[in-house]
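Chemist: take a look and give me a structure for this.
(one chain, ligands or ions: 1)
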Amino acid sequence: MEAAILPRFGDADAFEMATIPIPRPAAGQLLVKVQAAGLNPVDYKTRMGKGQAARFTLPAILGWDIAGQIADAGQGAHKFKPGDRIFGMSNFPGPANAYAQFAVVQENEFTLVPDNVPDDMAGATPLAALTAWEALYDHAELKAGMRVLIHAAAGGVGHIAVQLARITETYVIGTASAQNHPYLKELGANECIDYREQRFETATAPVDVVLDGMGGETALRSLDIIKPGGVLVSLPSMFKDDPDVLARAKEKGVRVVWMSVRPAGERMEQIAALMAAGKLKVKVAASFPLKEVTKAHQLLESHHVQGKVVLLPN
Ligand SMILES: NC(=O)c1ccc[n+]([C@@H]2O[C@H](COP(=O)([O-])OP(=O)(O)OC[C@H]3O[C@@H](n4cnc5c(N)ncnc54)[C@H](OP(=O)(O)O)[C@@H]3O)[C@@H](O)[C@H]2O)c1
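Modeler: Presented below is the predicted three-dimensional model:
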(Lines give C-alpha, C1' and ligand atoms only; values in the text may rest on other atoms or scores of the structure.)
Protein backbone atom coordinates (compact mmCIF):
# COMPACT_ATOMS: atom_id res chain seq x y z
CA MET A 1 0.00 0.00 0.00
CA GLU A 2 0.97 3.64 -0.38
CA ALA A 3 1.72 5.65 2.76
CA ALA A 4 2.98 9.15 3.51
CA ILE A 5 6.03 8.60 5.68
CA LEU A 6 7.68 11.16 7.92
CA PRO A 7 11.41 10.25 7.99
CA ARG A 8 12.33 13.23 10.21
CA PHE A 9 10.49 15.93 12.14
CA GLY A 10 10.43 19.15 10.14
CA ASP A 11 8.58 21.33 7.64
CA ALA A 12 5.57 20.26 5.59
CA ASP A 13 7.90 19.07 2.80
CA ALA A 14 9.47 16.47 5.11
CA PHE A 15 6.93 13.81 3.99
CA GLU A 16 7.94 11.07 1.52
CA MET A 17 5.66 8.61 -0.26
CA ALA A 18 6.53 4.93 0.24
CA THR A 19 5.14 1.49 -0.62
CA ILE A 20 4.93 -0.61 2.53
CA PRO A 21 3.14 -3.85 3.57
CA ILE A 22 -0.55 -3.66 4.50
CA PRO A 23 -0.77 -4.06 8.31
CA ARG A 24 -2.60 -7.02 9.88
CA PRO A 25 -5.32 -6.58 12.51
CA ALA A 26 -4.63 -8.20 15.91
CA ALA A 27 -7.39 -9.37 18.31
CA GLY A 28 -10.13 -6.73 18.71
CA GLN A 29 -8.76 -4.74 15.78
CA LEU A 30 -10.05 -3.95 12.29
CA LEU A 31 -8.21 -3.34 9.04
CA VAL A 32 -9.75 -0.26 7.39
CA LYS A 33 -9.34 0.84 3.79
CA VAL A 34 -8.85 4.55 4.49
CA GLN A 35 -11.13 6.64 2.28
CA ALA A 36 -10.51 9.88 4.16
CA ALA A 37 -8.03 10.94 6.83
CA GLY A 38 -8.86 14.24 8.51
CA LEU A 39 -6.11 16.70 9.43
CA ASN A 40 -5.91 18.52 12.75
CA PRO A 41 -3.44 21.11 14.05
CA VAL A 42 -1.91 18.43 16.31
CA ASP A 43 -0.81 16.70 13.07
CA TYR A 44 1.44 19.57 11.99
CA LYS A 45 2.59 20.26 15.55
CA THR A 46 3.66 16.60 15.79
CA ARG A 47 5.28 16.79 12.34
CA MET A 48 7.39 19.70 13.64
CA GLY A 49 8.58 17.60 16.60
CA LYS A 50 6.09 19.18 19.05
CA GLY A 51 2.50 18.04 19.80
CA GLN A 52 2.53 14.29 20.42
CA ALA A 53 5.96 13.76 18.75
CA ALA A 54 7.47 12.14 21.87
CA ARG A 55 5.10 9.19 21.36
CA PHE A 56 6.37 8.50 17.80
CA THR A 57 9.46 6.71 16.51
CA LEU A 58 10.81 7.70 13.10
CA PRO A 59 10.08 6.97 10.33
CA ALA A 60 6.48 7.61 11.36
CA ILE A 61 3.03 7.73 9.77
CA LEU A 62 0.90 10.59 11.13
CA GLY A 63 -2.87 11.11 11.37
CA TRP A 64 -5.63 10.11 13.80
CA ASP A 65 -8.94 10.75 12.00
CA ILE A 66 -10.05 7.86 9.81
CA ALA A 67 -13.13 7.04 7.72
CA GLY A 68 -13.20 3.99 5.50
CA GLN A 69 -14.44 0.48 4.81
CA ILE A 70 -13.64 -2.58 6.87
CA ALA A 71 -11.33 -4.84 4.85
CA ASP A 72 -10.55 -7.43 7.54
CA ALA A 73 -11.16 -8.12 11.24
CA GLY A 74 -8.95 -9.57 13.97
CA GLN A 75 -10.08 -12.30 16.36
CA GLY A 76 -13.04 -11.30 18.51
CA ALA A 77 -13.80 -8.12 16.54
CA HIS A 78 -17.52 -8.65 15.92
CA LYS A 79 -19.08 -5.20 16.19
CA PHE A 80 -19.08 -4.62 12.40
CA LYS A 81 -18.96 -6.68 9.20
CA PRO A 82 -16.57 -6.48 6.21
CA GLY A 83 -17.47 -3.60 3.90
CA ASP A 84 -19.11 -1.51 6.65
CA ARG A 85 -18.20 2.21 6.51
CA ILE A 86 -16.86 3.34 9.87
CA PHE A 87 -15.21 6.44 11.34
CA GLY A 88 -13.35 7.37 14.49
CA MET A 89 -10.34 8.99 16.14
CA SER A 90 -7.83 6.16 16.30
CA ASN A 91 -5.53 5.48 19.25
CA PHE A 92 -5.11 9.17 20.19
CA PRO A 93 -2.60 10.38 21.45
CA GLY A 94 -0.51 7.36 20.38
CA PRO A 95 0.36 6.65 16.72
CA ALA A 96 -2.58 5.67 14.47
CA ASN A 97 -0.98 5.63 10.98
CA ALA A 98 -3.92 7.30 9.22
CA TYR A 99 -1.94 8.75 6.27
CA ALA A 100 -1.97 5.45 4.38
CA GLN A 101 -4.25 3.39 2.14
CA PHE A 102 -4.96 0.97 4.99
CA ALA A 103 -4.81 1.32 8.78
CA VAL A 104 -5.45 -0.95 11.74
CA VAL A 105 -7.86 0.47 14.35
CA GLN A 106 -9.48 -0.60 17.65
CA GLU A 107 -13.11 -1.46 16.90
CA ASN A 108 -14.34 0.09 20.19
CA GLU A 109 -13.16 3.56 19.07
CA PHE A 110 -15.20 3.46 15.84
CA THR A 111 -18.80 3.66 14.77
CA LEU A 112 -20.82 3.34 11.54
CA VAL A 113 -20.88 6.30 9.16
CA PRO A 114 -24.50 7.36 8.51
CA ASP A 115 -25.64 6.72 4.91
CA ASN A 116 -26.20 10.44 4.28
CA VAL A 117 -22.61 11.34 5.28
CA PRO A 118 -19.96 11.17 2.51
CA ASP A 119 -16.51 9.72 3.21
CA ASP A 120 -14.67 13.06 3.19
CA MET A 121 -17.07 14.56 5.74
CA ALA A 122 -16.80 11.45 7.92
CA GLY A 123 -12.99 11.57 7.87
CA ALA A 124 -13.07 15.27 8.80
CA THR A 125 -15.23 14.71 11.86
CA PRO A 126 -13.86 12.62 14.76
CA LEU A 127 -11.13 14.55 16.61
CA ALA A 128 -12.73 17.97 16.17
CA ALA A 129 -16.24 16.74 17.05
CA LEU A 130 -15.06 14.75 20.09
CA THR A 131 -13.18 17.85 21.27
CA ALA A 132 -16.16 20.16 20.88
CA TRP A 133 -18.43 17.64 22.60
CA GLU A 134 -16.07 17.02 25.53
CA ALA A 135 -15.35 20.75 25.97
CA LEU A 136 -18.98 21.88 25.93
CA TYR A 137 -20.79 19.01 27.60
CA ASP A 138 -18.24 17.44 29.97
CA HIS A 139 -16.09 20.40 31.03
CA ALA A 140 -18.43 23.39 30.60
CA GLU A 141 -21.63 21.44 31.47
CA LEU A 142 -23.52 23.44 28.88
CA LYS A 143 -27.21 24.04 29.53
CA ALA A 144 -30.00 25.76 27.61
CA GLY A 145 -30.08 29.52 28.13
CA MET A 146 -26.34 29.91 28.81
CA ARG A 147 -24.24 32.43 26.87
CA VAL A 148 -21.25 30.84 25.13
CA LEU A 149 -18.33 32.56 23.41
CA ILE A 150 -16.48 30.37 20.91
CA HIS A 151 -13.08 31.53 19.64
CA ALA A 152 -11.88 30.45 16.19
CA ALA A 153 -15.54 29.64 15.58
CA ALA A 154 -15.09 29.02 11.83
CA GLY A 155 -12.27 26.50 12.34
CA GLY A 156 -12.26 22.74 12.69
CA VAL A 157 -13.38 22.55 16.33
CA GLY A 158 -15.18 25.90 16.33
CA HIS A 159 -17.68 25.28 13.51
CA ILE A 160 -18.78 22.04 15.17
CA ALA A 161 -18.93 23.68 18.62
CA VAL A 162 -21.22 26.44 17.26
CA GLN A 163 -23.66 23.80 16.01
CA LEU A 164 -23.57 21.73 19.23
CA ALA A 165 -24.06 24.83 21.36
CA ARG A 166 -27.09 25.86 19.27
CA ILE A 167 -28.56 22.34 19.47
CA THR A 168 -28.38 22.82 23.26
CA GLU A 169 -30.30 26.10 22.89
CA THR A 170 -27.56 28.34 24.22
CA TYR A 171 -26.85 31.87 22.99
CA VAL A 172 -23.75 31.61 20.81
CA ILE A 173 -21.18 34.30 20.07
CA GLY A 174 -18.34 33.41 17.71
CA THR A 175 -15.06 35.16 16.94
CA ALA A 176 -13.81 35.09 13.34
CA SER A 177 -12.64 37.48 10.66
CA ALA A 178 -15.49 39.37 8.96
CA GLN A 179 -15.45 37.16 5.83
CA ASN A 180 -16.50 34.19 8.00
CA HIS A 181 -19.46 35.93 9.67
CA PRO A 182 -22.08 34.93 7.06
CA TYR A 183 -20.93 31.32 7.48
CA LEU A 184 -21.19 31.51 11.30
CA LYS A 185 -24.72 32.94 10.97
CA GLU A 186 -25.61 30.03 8.67
CA LEU A 187 -24.41 27.66 11.41
CA GLY A 188 -26.73 29.38 13.84
CA ALA A 189 -24.43 31.79 15.72
CA ASN A 190 -26.43 34.57 17.39
CA GLU A 191 -23.59 37.12 17.30
CA CYS A 192 -20.25 37.37 15.51
CA ILE A 193 -17.22 39.36 16.61
CA ASP A 194 -14.48 40.35 14.17
CA TYR A 195 -11.40 39.77 16.32
CA ARG A 196 -9.36 41.94 13.94
CA GLU A 197 -11.53 45.01 14.50
CA GLN A 198 -13.02 44.62 17.98
CA ARG A 199 -11.82 43.61 21.45
CA PHE A 200 -14.06 40.62 22.04
CA GLU A 201 -14.08 41.11 25.84
CA THR A 202 -15.97 44.41 25.49
CA ALA A 203 -17.93 43.66 22.30
CA THR A 204 -20.72 41.69 23.99
CA ALA A 205 -22.34 41.08 27.39
CA PRO A 206 -20.70 38.66 29.90
CA VAL A 207 -20.84 34.95 29.12
CA ASP A 208 -21.04 31.72 31.12
CA VAL A 209 -18.61 29.76 28.98
CA VAL A 210 -15.67 30.47 26.68
CA LEU A 211 -14.37 27.76 24.38
CA ASP A 212 -10.89 28.94 23.46
CA GLY A 213 -9.16 27.50 20.41
CA MET A 214 -6.44 30.16 20.51
CA GLY A 215 -4.75 30.17 23.95
CA GLY A 216 -2.16 32.70 25.18
CA GLU A 217 -3.41 36.28 25.26
CA THR A 218 -6.87 35.20 24.02
CA ALA A 219 -7.25 32.90 27.05
CA LEU A 220 -6.15 35.66 29.42
CA ARG A 221 -8.46 38.29 27.92
CA SER A 222 -11.34 35.80 27.90
CA LEU A 223 -11.35 35.88 31.71
CA ASP A 224 -12.56 39.49 31.52
CA ILE A 225 -15.83 38.49 29.86
CA ILE A 226 -16.71 35.36 31.86
CA LYS A 227 -19.23 35.74 34.72
CA PRO A 228 -18.03 34.72 38.20
CA GLY A 229 -18.71 30.97 38.50
CA GLY A 230 -18.28 30.55 34.73
CA VAL A 231 -15.73 28.42 32.90
CA LEU A 232 -12.93 28.82 30.38
CA VAL A 233 -12.13 25.67 28.39
CA SER A 234 -8.85 26.18 26.57
CA LEU A 235 -7.61 23.85 23.84
CA PRO A 236 -4.01 24.59 22.75
CA SER A 237 -2.00 22.49 25.20
CA MET A 238 1.20 24.55 24.83
CA PHE A 239 -0.40 27.14 27.14
CA LYS A 240 -1.43 24.63 29.82
CA ASP A 241 -1.19 25.92 33.40
CA ASP A 242 -0.25 29.47 32.26
CA PRO A 243 0.33 31.19 35.65
CA ASP A 244 -1.10 34.53 34.45
CA VAL A 245 -4.34 32.79 33.40
CA LEU A 246 -4.53 30.85 36.67
CA ALA A 247 -3.97 34.00 38.76
CA ARG A 248 -6.58 36.08 36.91
CA ALA A 249 -9.08 33.20 36.93
CA LYS A 250 -8.74 32.95 40.73
CA GLU A 251 -9.27 36.67 41.10
CA LYS A 252 -12.40 36.53 38.89
CA GLY A 253 -13.85 33.32 40.35
CA VAL A 254 -13.68 31.52 36.99
CA ARG A 255 -12.93 27.83 36.52
CA VAL A 256 -10.23 27.01 33.92
CA VAL A 257 -9.86 23.70 32.12
CA TRP A 258 -7.05 22.80 29.69
CA MET A 259 -8.40 19.67 28.07
CA SER A 260 -6.90 16.87 26.03
CA VAL A 261 -9.44 15.03 23.86
CA ARG A 262 -10.06 11.35 24.68
CA PRO A 263 -11.17 8.60 22.29
CA ALA A 264 -14.76 7.53 22.96
CA GLY A 265 -16.61 5.10 20.68
CA GLU A 266 -20.00 5.64 22.36
CA ARG A 267 -19.65 9.41 21.87
CA MET A 268 -18.88 8.86 18.19
CA GLU A 269 -22.27 7.11 18.05
CA GLN A 270 -23.98 10.22 19.47
CA ILE A 271 -22.13 12.42 16.98
CA ALA A 272 -23.09 10.07 14.12
CA ALA A 273 -26.75 10.23 15.22
CA LEU A 274 -26.71 14.06 15.01
CA MET A 275 -25.14 13.83 11.53
CA ALA A 276 -27.70 11.22 10.42
CA ALA A 277 -30.49 13.57 11.55
CA GLY A 278 -28.94 16.45 9.57
CA LYS A 279 -28.39 18.45 12.79
CA LEU A 280 -24.59 18.48 12.59
CA LYS A 281 -22.75 19.22 9.32
CA VAL A 282 -18.98 19.07 9.14
CA LYS A 283 -17.48 21.31 6.50
CA VAL A 284 -14.70 20.01 4.25
CA ALA A 285 -12.88 23.09 2.99
CA ALA A 286 -10.37 21.14 0.89
CA SER A 287 -9.38 17.56 0.14
CA PHE A 288 -6.10 16.27 -1.28
CA PRO A 289 -4.80 12.95 -2.58
CA LEU A 290 -2.30 11.37 -0.18
CA LYS A 291 0.68 12.34 -2.31
CA GLU A 292 -0.24 16.01 -1.80
CA VAL A 293 0.08 15.76 1.98
CA THR A 294 2.61 18.63 1.98
CA LYS A 295 0.06 20.99 0.38
CA ALA A 296 -2.60 19.82 2.83
CA HIS A 297 -0.36 20.57 5.82
CA GLN A 298 0.61 23.96 4.41
CA LEU A 299 -3.04 24.90 4.02
CA LEU A 300 -3.95 23.83 7.57
CA GLU A 301 -0.94 25.67 8.97
CA SER A 302 -2.25 28.92 7.48
CA HIS A 303 -4.67 28.82 10.47
CA HIS A 304 -7.43 30.36 8.38
CA VAL A 305 -9.29 27.29 7.09
CA GLN A 306 -13.10 27.40 7.26
CA GLY A 307 -13.92 23.91 8.56
CA LYS A 308 -11.58 21.00 7.83
CA VAL A 309 -8.89 19.65 5.50
CA VAL A 310 -8.80 15.94 4.55
CA LEU A 311 -6.55 13.50 2.71
CA LEU A 312 -8.11 10.93 0.35
CA PRO A 313 -5.63 8.00 0.32
CA ASN A 314 -7.64 5.78 -2.03
N1 LIG B 1 -6.48 19.95 23.64
C2 LIG B 1 -7.19 19.27 22.75
O3 LIG B 1 -7.71 18.20 23.04
C4 LIG B 1 -7.39 19.86 21.39
C5 LIG B 1 -8.26 19.23 20.48
C6 LIG B 1 -8.48 19.84 19.24
C7 LIG B 1 -7.81 21.02 18.91
N8 LIG B 1 -6.93 21.55 19.80
C9 LIG B 1 -6.23 22.82 19.49
O10 LIG B 1 -7.20 23.84 19.35
C11 LIG B 1 -6.77 24.80 18.39
C12 LIG B 1 -7.88 24.98 17.36
O13 LIG B 1 -8.03 23.79 16.60
P14 LIG B 1 -8.85 23.79 15.23
O15 LIG B 1 -8.77 22.43 14.63
O16 LIG B 1 -10.19 24.39 15.44
O17 LIG B 1 -7.94 24.81 14.38
P18 LIG B 1 -8.13 25.40 12.92
O19 LIG B 1 -9.23 24.69 12.21
O20 LIG B 1 -6.80 25.42 12.26
O21 LIG B 1 -8.58 26.92 13.20
C22 LIG B 1 -8.68 27.76 12.08
C23 LIG B 1 -9.59 28.91 12.41
O24 LIG B 1 -8.97 29.79 13.35
C25 LIG B 1 -9.51 31.08 13.12
N26 LIG B 1 -8.62 32.10 13.70
C27 LIG B 1 -7.33 32.36 13.40
N28 LIG B 1 -6.86 33.34 14.20
C29 LIG B 1 -7.90 33.70 15.03
C30 LIG B 1 -8.04 34.66 16.09
N31 LIG B 1 -7.03 35.44 16.49
N32 LIG B 1 -9.25 34.71 16.74
C33 LIG B 1 -10.28 33.94 16.36
N34 LIG B 1 -10.20 33.02 15.36
C35 LIG B 1 -9.02 32.91 14.72
C36 LIG B 1 -9.63 31.18 11.62
O37 LIG B 1 -10.71 32.05 11.31
P38 LIG B 1 -10.42 33.34 10.39
O39 LIG B 1 -9.94 32.79 9.05
O40 LIG B 1 -11.74 34.01 10.33
O41 LIG B 1 -9.33 34.12 11.07
C42 LIG B 1 -9.91 29.73 11.19
O43 LIG B 1 -11.26 29.52 10.80
C44 LIG B 1 -5.44 24.26 17.84
O45 LIG B 1 -4.38 24.86 18.55
C46 LIG B 1 -5.50 22.78 18.17
O47 LIG B 1 -4.24 22.16 18.28
C48 LIG B 1 -6.71 21.00 21.01
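
Chemist: does residue 43 sit in a helix, a strand or a coil?
Modeler: Three-state call for residue 43 (DSSP: H, G, I helix; E, B strand; the rest coil): helix.

Chemist: around the ligand, pick out the residues from this structure.
Modeler: Contact residues (CB under 6 Å from any ligand atom) of the chain with the ligand: 40-42, 128, 131, 151-152, 154-158, 175-177, 180, 195, 213-214, 235-237, 259-261, 300, 303-306. For the C-beta atoms, the positions are set from N, CA and C on the backbone; glycine is no exception.

Chemist: among those residues, which ones are buried?
Modeler: Among the residues of the chain next to the ligand, the ones that count as buried by 16 or more other CB atoms under 10 Å are 40-42, 128, 131, 151-152, 154-158, 175-176, 180, 195, 213-214, 235-237, 259, 261, 300, 305-306.

Chemist: and for the nearest residue in space to residue 296 that is not next to it in sequence, the neighbour number?
Modeler: Excluding the flanking residues, the one nearest residue 296 by CB to CB, 6 or more residues apart in numbering is residue 288, at 4.3 Å. Burial measure for residue 288: 18 neighbouring residues, criterion other CB atoms under 10 Å.

Chemist: for residue 196, see how far away the nearest residue to residue 197 once chain neighbours are set aside is.
Modeler: Once flanking residues are discounted, residue 197 sits nearest to residue 178: 7.3 Å by CB to CB, 6+ apart. Residue 178 sits 7 Å away from residue 196, going by CB to CB, to the nearest Å.

Chemist: over to residue 12?
Modeler: As for residue 12, its distance to residue 196 is 26 Å (criterion: CB to CB).

Chemist: now swap in residue 103 and tell me
Modeler: Residue 103 is 39 Å from residue 196, by CB to CB.

Chemist: tell me the contacts of residue 7?
Modeler: Neighbouring residues of residue 7 by CB atoms under 8 Å, 6 or more residues apart in numbering: 14, 16, 58-59.

Chemist: farthest-apart pair in those residues, please.
Modeler: Taking CB to CB as the measure, those span a maximum distance of 11.6 Å, between 16 and 58.

Chemist: compare residue 12 and residue 196 and say which is more crowded by neighbours.
Modeler: Per other CB under 10 Å, whichever of residue 12 and residue 196 has more neighbours is residue 12, with 17 against 9.
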